[in-house]
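Asker: Dropping a prediction and its sequence here:
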Amino acid sequence: MNKIVANADIAVQDVFDGATITLGGFGVCGIPENCIAALVKLGVKNLTCVSNNAGVDDFGLGLLLQKRQIKKMISSYVGENKLFEQLVLSGEVELEATPQGTLAEKLRAGGAGIPAFFTPTGVGTVVATGKEVRVYNGHNYILEESITTDFAIVKAWKGDALGNLVFRKTARNFNPIAATAGRITIAEVEELVPVGSIDPDMVHTPGIYVKRIFQGSNYEKRIENRTTRSN
Amino acid sequence: MALTREQMASRIAKEIQDGYYVNLGIGIPTLVANYIPKDMDVILQSENGMLGIGPFPTEDEIDPDLINAGKQTITEMPGSSYFSAADSFAMIRGGKVDLTILGAMEVDENGDIANWMIPGKMLKGMGGAMDLVAGAKHVIVVMQHVAKDGSSKILPKCALPLTGTGVVNLIVTELAVIEVTKAGLKLLEHAPGVSVEDIIKSTKAKLIIPDNVKEMIF
């Protein structure tokens, strides 16, 4: 079995107008930089993107927002992304604001064949609007539906031709669960390694979830808040 | 005298107990880490997928793959672990995190908190806050007592879209420490040089005033 494709352009070539895409990453940490650039180049429009954030104004998913390629975001945090905030407030981009843990569980459950689940998160808030509430052990829980998407695009540290993936430090974040939630999952990795060289006990994402894999290039790995101590 | 951000952080650190797993929000909550006593075993959780946050890095130690939930570069402590967002929020909702400290725009007499949007004006998103207030064993809110326009942020009922309802245990501001009780908001401490009357004046919510309101130590 060999899931290796040559580059990002080939990996995303069948992404279509109106597609739904789950993307790994937290802020701009662990984001699939190469594939996002390829989607900008491909010019696909009306995308629905599931991602915790939408990058920053000029990097990550912010690049797709700049080109108005995104119709809807399912995210937990807009934060300091001014363009994203403006587009949502003006109604140009639809935002389904989703609590971070609920978003994570929607992807985990979606990828695991569980269509919905009850969670305590968001009870009594606008997030609960229109959702079934059920009482367990005296506490309220709301019914949340899980998420699967046409594509999932993730970034890993290492991977092999079978699609086995290893993530690094907090760049893991949403990537392993995003990888499970796509009907077609594309993984870009910093380093493609020979099959058998990853200790099977150390595989974070087993290859069954990954359809295509390639070694990315020119990673910028931008830092949003460079914070240091003096000594 | 109203407390500085550092003094507020120092006061909150006194709520942390040995053996606690703690999640710190963005801003003043992050500063709390600087005031945890050195002889205390406390493990900091970062909801993007880490247990064991260490100090900020030196220039040489900066690693773009290692950030906290505020997207600041950090380091790892010996014995750290990394995990996915699903695992991170499993431990949060599952009640394994002892304490979360976060900022707010409004809190009220019921322990409701609002901290993620102002309709039509400002949209930050809830991030992990809704999960944290729903799941952590203790919730401390740290914020300015009054907004920039002079209006109270401690209200009979929150007006902004809520982050959680009936979830806040303790409110720490530059003026006071207030406990959320079943009977309502109870003033526990006042900042040095700030009178109980000043605090009542700055608080739109009804305050229960016990006989022994202590001076804040930080």
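Answerer: Here it is on my side, so go on.
Asker: can you tell me which residues contact B:D65?
Answerer: A:29-30, A:157, A:168-171, A:221 (CB atoms under 8 Å, 6 or more residues apart in numbering or on different chains). Using the backbone N, CA and C atoms, a C-beta is placed for each residue, glycine as well.
Asker: Double-check that it belongs to a helix.
Answerer: No - the assignment for B:D65 is coil, going by DSSP: H, G, I helix; E, B strand; the rest coil, so no helix is present there.
Asker: Quickly list what the residue nearest to B:L188 when sequence neighbours are not counted is bridged to.
Answerer: In this structure, B:L188 finds its nearest non-sequential neighbour in B:V177, 4.6 Å apart by CB to CB, 6 or more residues apart in numbering or on different chains. Counting by DSSP bridges, B:V177 is bridged to B:V172, B:E189.
Asker: max-length helix in chain A?
Answerer: Ordering each helix of chain A by length in residues (DSSP state H) puts helix A:100-111 first.
Asker: what about the residue nearest to B:L188, how many neighbours?
Answerer: 23 (other CB atoms under 10 Å in any protein chain shown).
Asker: what's the answer for B:M40, then?
Answerer: 12.
Asker: Pull out the buried residues from stretch B:192-202.
Answerer: B:194, B:198-199, B:202 (16 or more other CB atoms under 10 Å in any protein chain shown).
Asker: that older thread, list, out of the contacts of B:D65, those positioned next to chain B.
Answerer: When contact is defined as CB under 8 Å from any CB of the partner chain, the contacts of B:D65 meet chain B at A:29-30, A:157, A:168-171, A:221.
Asker: Of those, grab the buried ones for ChimeraX.
Answerer: Restricted to buried positions by 16+ other CB under 10 Å, the ChimeraX selection for the ones next to chain B among the contacts of B:D65 reads:
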select /A:29,30,157,168,169,170,171
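Asker: Pairing partners for the helix or strand bottoming out on mean pLDDT in chain B, with directions?
Answerer: Counting by mean pLDDT, DSSP states H and E, the weakest-scoring helix or strand in chain B turns out to be strand B:122-123, with a mean of 88. Strand pairing for strand B:122-123, using DSSP bridges, gives strand B:117-118 (antiparallel).
Asker: Now A:V12. Nearest residue, chain neighbours left out?
Answerer: A:A38 (4.8 Å).
Asker: pretty sure that neighbour contacts A:A11?
Answerer: Yes - using CB atoms under 8 Å, A:A38 is in contact with A:A11, at 7.0 Å.
Asker: Show me which of the two is the more surrounded one.
Answerer: Just comparing A:A38 and A:A11: by other CB under 10 Å the higher neighbour count belongs to A:A11, 26 against 21.
Asker: Please tell me how far the more buried one sits from A:W157.
Answerer: According to CB to CB, to the nearest Å, A:A11 and A:W157 sit 17 Å apart.
Asker: just A:L192 next, same as before
Answerer: 11 Å.
Asker: With A:R229 instead?
Answerer: Relative to A:W157, and taking CB to CB, A:R229 is found at 26 Å.
Asker: in chain A, which spans are strands?
Answerer: A:20-23, A:47-50, A:70-75, A:94-97, A:116-119, A:133-136, A:139-145, A:149-159, A:165-166, A:182-192, A:212-215 (DSSP state E).
Asker: tell me the contacts of residue 75?
Answerer: The chain I'm using is chain A. Counting by CB under 8 Å, 6+ apart, A:S75 has contacts A:50-54, A:95-98, A:103, B:125.
Asker: nope, chain B
Answerer: B:T75 neighbours (CB under 8 Å, 6+ apart): B:53-57, B:61, B:66.
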